[in-house]
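[1] Sequence and predicted structure below; questions after.
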Amino acid sequence: MKIPFGWKIHLFFAVITALLLVVVLSARQETPFGFADVVAMAQDRATRPQEPFRPVAAEFLRLNYDQHRDIRWKNDRSLWRSEGLPFQIRFFHPGYIFNRVVEIFVLPDSPYQPIRYSPEFFDFGKNVFKEKLPTTGSYAGFRIHYPLNRPDVLDELCVFLGASYFRALPRGLHYGVSARGLALNTYVAGRQEEFPVFTKFWLEKPTAFAKEFTLLALMDSESVSGAYQFKIFPGEETRMEVEARLFFRKTPSMIGLAPMSSMFWFSENTSNTFGDFRPEVHDSDGMLYQKENGEWVWRPLTWARQIQVNIFPDSNPKGFGLLQRDREFSHYQDLEALYHLRPSLWVRPLEGFGAGSLLLMQLPTGNEYTDNVTLFWKSEAPVLPGSSQTIRYEMRWLKQAENLPPLGRCISTRVDDQEKKNQRTFHLDFSGGALANLPAGQTPAWEAFSPTGAKILKPQIVWNEYNQSWRFSFLALKEPGNRPQEILCRLVGPTGHISETWSYTWLP
């Protein structure tokens, strides 16, 4: 049967249309790998026991701090360097205390085949190994580089290295405070702390003019498996949007959300400098917290001979963080550590931070080399094996922010403990925020009290013209004994509270 030419034309276009439809439908069905896939992995993994970690060669584990630090990534092998992309990745070699490796994938091209490892990618410095280096393996972690401070220089922006630890930088500052994915059984009597570990990462390839970076992570531990998504926005302050889905194998004794850690040794509120020539040594000098009712609380960090644990019960907190408020170099006098340039970290909960308490733990220390301060939201949400939980929060790594808080803030705490055993004199300087709006010549009022029974005597408030602040001084008196005393105070104006609430534990 002979088909007319006109019908041939119609048939041809019909076939082409059908083929195009098949292609479109196939493309719709092939959804790119994304956060939902990592969530599915975490949910599936939670149905089985925690997988054993991949071992690291013994010769690398024998390295000390300096030897491991001498192993450096060759920058010309950085991920996306040849394409000149604004975000580039450099990797850390396993060894020293980094005894676990992670698998790292690139999206969208390689969601299931990890980035290849080779010793050729590293300069091993002065290290000499008796055995031949393995040609297969993986990495301990990675760092993200971006032109943070200058358009022609790729600076470190973020580091993901060790368990679920990570840290980031805003413009012009140096590393200090750290964060991690989750805290489990931290300071629980009779229980060893459990450290969840990021075992896999997926790095989303940026575009040529990208201003943000996205990565996914799979977390695992004895009690929980989890999927994490990080969206990172670098700049004057570097912001992170974090979303996580947690799937529980067991019920932990304690769950800490959005945990962070820092270092505090001594400051103007400690009784001595331990023979050190520097006036202050710390990565953070205080904890800031905004309650559900909107009240702002400032807790200066302190040094003590025993572990200090402060618990602030609440529900649905508006924010919390560890801050470095003191930005004066002369207060530190450290030309190497540059403590005046350490970032503050502020967390704004968005979902999953319900009933619970903010937990601040400070450990005694005799040096500046260990993070001895921990802060997180201690969740009271019921958790059963097989249950899941979603959390979302924003992290701000920053230098200063006028809205933290918008009220007057305590810029220094000084304690005179040279008098009688059961009394202390406190000198607090408040500045900024609503204090700046006081009518000329008006002195703010004050509120000061101790919920544990200490007496507040000899209150005095005067203008400090040298740093443009109001100095509030008072004498605290307690009964003999070893009971710690809680003291609170704030400044008051015609319309109500015009400063944050200063909160302090007076330890015997």
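    Sure, I can see it. Numbers count the residues shown, from 1 in each chain.
[2] show me the contacts for residue 310.
    299, 359-361, 505 (C-beta atoms under 8 Å, 6 or more residues apart in numbering). For the C-beta atoms, the positions are set from N, CA and C on the backbone; glycine is no exception.
[3] quick one, domains of the protein?
    By the record's domain assignment, the chain is partitioned as 58-398, 409-506 (automatic domain parsing).
[4] Ends of the shortest one, what's the gap?
    So the one you mean is domain 409-506. Looking at domain 409-506, the gap from its leading to its trailing residue is 20 Å under the measure C-alpha to C-alpha, to the nearest Å.
[5] Tell me the one of the contacts of residue 310 nearest residue 30?
    Proximity to residue 30 was ranked across these by C-beta to C-beta; first place goes to residue 359, at 45.2 Å.
[6] And residue 15, what's its pLDDT?
    Here, the pLDDT recorded for residue 15 equals 47.
[7] can you offset everything so residue one is 7?
    Sure, I'll start counting at 7 from here, so that last one is residue 21.
[8] Doesn't residue 164 lie inside a strand?
    Yes. Assigned with DSSP: H, G, I helix; E, B strand; the rest coil, residue 164 falls within a strand.
[9] List the contacts of it.
    For residue 164, the set of contacting residues under the criterion of C-beta under 8 Å, 6+ apart consists of 149-150, 172-175, 238, 244.
[10] pull the helix or strand with minimum mean pLDDT from this protein.
    Confidence across the helices and strands of the chain bottoms out at helix 11-35, with a mean of 47, counting by mean pLDDT, DSSP states H and E.
[11] Downstream of that one, the next helix or strand is which one?
    Next helix or strand after helix 11-35 toward the C-terminus (DSSP states H and E): helix 41-51.
[12] Can you name every helix or strand that that next one contacts?
    Of the remaining helices and strands, those touching helix 41-51 by 3 or more C-beta pairs under 8 Å, 6 or more residues apart in numbering; DSSP states H and E are strand 219-226, strand 230-239, strand 244-254.
[13] Give the buried residues for stretch 437-448.
    When neighbours are counted by 16 or more other C-beta atoms under 10 Å, the buried residues of stretch 437-448 are found to be 437-441, 444.
[14] how about the residue nearest to residue 147 when sequence neighbours are not counted, what does it touch?
    Spatially, and ignoring its direct neighbours in sequence, residue 147 is nearest to residue 167 (3.3 Å; C-beta to C-beta, 6 or more residues apart in numbering). Contacts for residue 167 (C-beta under 8 Å, 6+ apart) come out as 98, 104, 146-149.
[15] again, but for residue 178
    Residue 178 sits next to 155, 347, 405 when contact means C-beta under 8 Å, 6+ apart.
[16] Could you check how far the second one is from residue 299?
    It refers to residue 347. Taking C-beta to C-beta, to the nearest Å as the measure, residue 347 falls 34 Å from residue 299.
[17] likewise the first one?
    Here the criterion is C-beta to C-beta. By it, residue 155 lies 39 Å from residue 299.
[18] Comparing the two, which residue is more hemmed in?
    When neighbours are counted by other C-beta atoms under 10 Å, residue 155 and residue 299 differ, and residue 155 comes out ahead with 13 against 9.
[19] that older thread, can you redo the buried residues of stretch 437-448 as JSON lines with distance to residue 335 and secondary structure?
    Putting these into JSON lines (distance: C-beta to C-beta, whole Å; DSSP: H, G, I helix; E, B strand; the rest coil) gives the following:
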{"residue": "437", "distance to residue 335": "19", "secondary structure": "strand"}
{"residue": "438", "distance to residue 335": "20", "secondary structure": "coil"}
{"residue": "439", "distance to residue 335": "24", "secondary structure": "helix"}
{"residue": "440", "distance to residue 335": "28", "secondary structure": "helix"}
{"residue": "441", "distance to residue 335": "25", "secondary structure": "helix"}
{"residue": "444", "distance to residue 335": "30", "secondary structure": "coil"}
